[in-house]
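A.B. asks: Here is my input; please provide its structure:
(one chain, ligands or ions: 5)
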Amino acid sequence: MDFEKELKDRTDRVDRLLEKHLPKEDGPQKTVLEAMRYSVMSGGKRLRPILMDETYTLFNGSTGSVEPFMAAIEMIHSYSLVHDDLPALDNDEYRRGRKSTHAAYGEAMGILAGDALLNYAFETAALAFDIDPGPCVAKAFSLFAKKTGIYGMIGGQVVDVETEGRQIGPDTLRFIHEKKTGALIEAAMMTGAILAGASDDQVDNVGSIALDVGLAFQIRDDILDVTSTTEVLGKPVGSDEKNNKNTYVKYFGLDKAESEVEHISERALTSLASLPYENPFLTELIKRLVHRKK
Ligand code: IPE
Ligand code: IPE
Ligand code: MG
Ligand code: MG
Ligand code: MG
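C.D. replies: Residues are numbered from 1 along each chain as shown. Ligands and ions are numbered 1, 2, ... in the order given. Down below sits the predicted model:
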């Protein structure tokens with residue numbers, strides 16, 4: 001498999017889907033529509049929609065109902081980054097290789113563009129009801145809303161911000177990582193499985209694989225914040241230290257954080273291999289995330 005080419009084809013497809021679904025930039029509220037596009041069409045890795053689609057493929061999904069959800073999860077992810085960068089949260093002025101949205105459009109427009117993307121994500125996901133009138137879309141919609149909200153990503157961001165500069169235990173550290181990052185990866189992969197008609201047990205298995213992928217992904221993000229450069233990452237390094245964040249690196253040190261990424265990813269790959277279906281691209285993607293450079 002020419003993995004790099006396969007990955008680029010998939011990334012390009014997500015970009016096209018987002019182009020198709022983003023709102024037109026006209027009307028009196030044009031500024032917020034421009035800021036939405038600015039934050040979404042900026043060369044992210046598109047990992048979450050790709051994971052969603054590959055999980056959908058793993059379970060032989062074929063109705064096309066996954067497409068609006070793929071656009072929707074990237075809108076949610078982009079909004080989470082826009083808000084994460086705001087002065088009141090991580091206060092970072094650089095994202096995906098250019099000014100973060102609030103730095104380019106002002107703080108008010110940054111807040112509103114985040115709100116707008118969040119809301120528009122659900123308008124977009126709802127298009128799936130017309131593609132597949134069966135029960136899967138309603139089930140996926142509900143899971144998607146839950147994992148992106150207060151019991152998922154937002155919950156994690158709350159504890160991440162509230163515990164800055166405070167001593168916390170390993171359970172809280174894990175809660176932060178599993179929710180702020182793991183929950184969107186769960187939303188991605190579980191939505192893909194549900195839309196394809198996977199059984200409840202299979203969806204649960206996919207959920208625990210996704211949680212591990214997300215946990216490893218965030219620990220790697222914390223490592224890169226210390227070991228990489230702004231040029232490579234396209235976002236400021238040293239952000240966690242600046243904000244006194246509780247990270248795996250701070251808590252356990254670089255070496256242990258590094259071995260945790262490997263160990264947790266290995267666990268995810270073992271569970272993936274035990275599913276009754278196979279998707280070599282998905283397996284390879286999860287393997288490569290372990291040593292990602294950005
Ligand atoms: C950044 O996510 C935020 C984290 C959860 C670590 P990504 O590393 O997927 O960012 P983009 O989408 O590629 O910019
Ligand atoms: C971000 O964690 C998680 C979400 C945006 C939900 P970080 O704050 O570590 O992400 P980066 O490093 O700014 O991308
Ligand atoms: Mg943050
Ligand atoms: Mg941040
Ligand atoms: Mg980070």
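A.B. asks: from here on, contacts and neighbour counts on C-alpha atoms
C.D. replies: Will do.
A.B. asks: Flag the shaky bits of the chain, pLDDT-wise.
C.D. replies: Applying pLDDT under 70 to the chain picks out no residues at all.
A.B. asks: Kindly report the residues of it close to ligand 1.
C.D. replies: Residues of the chain lying close to ligand 1 by C-alpha under 6 Å from any ligand atom are 44, 45, 46, 47, 96, 181, 218, 221.
A.B. asks: Just the closest of the residues you listed to ligand 2, please.
C.D. replies: For the residues of the chain next to ligand 1, the minimum distance to ligand 2 (C-alpha to the nearest ligand atom) is 5.4 Å, reached by residue 181.
A.B. asks: looking at it, the closest one is touching residue 212, isn't it?
C.D. replies: No: using C-alpha atoms under 8 Å, residue 181 is not in contact with residue 212; the gap is 10.4 Å.
A.B. asks: where along the stretch 1-150 of the chain do the helices fall?
C.D. replies: Listed in chain order, the helices of the stretch 1-150 of the chain (DSSP state H, counting those that start in this stretch) span 3-21, 30-40, 47-58, 66-84, 101-105, 107-125, 128-131, 135-148.
A.B. asks: what's the closest of these to residue 256?
C.D. replies: Using C-alpha to C-alpha as the measure, helix 47-58 is the one of the helices of the stretch 1-150 of the chain that comes nearest residue 256, at 25.1 Å.
A.B. asks: angle of that closest one against helix 66-84?
C.D. replies: Counting by axes from the mean of the first three to the mean of the last three C-alpha atoms, to 10 degrees, helix 47-58 lies at 160 degrees to helix 66-84.
A.B. asks: Show me the contact partners of helix 47-58.
C.D. replies: For helix 47-58, the surrounding residues in contact (C-alpha atoms under 8 Å, 6 or more residues apart in numbering) are 10-11, 14, 66-67, 69-71, 73-74, 184-185, 188-196, 277-279, 281-282.
A.B. asks: Please report how far the nearest residue to residue 37 once chain neighbours are set aside lies from residue 79.
C.D. replies: Nearest residue to residue 37, sequence neighbours excluded (C-alpha to C-alpha, 6 or more residues apart in numbering): residue 22, at 7.1 Å. Using C-alpha to C-alpha, to the nearest Å, residue 22 is found at 13 Å from residue 79.
A.B. asks: okay, those two: which has more neighbours?
C.D. replies: For residue 22 and residue 79, the more surrounded residue by other C-alpha atoms under 10 Å is residue 79, and the numbers stand at 27 against 20.
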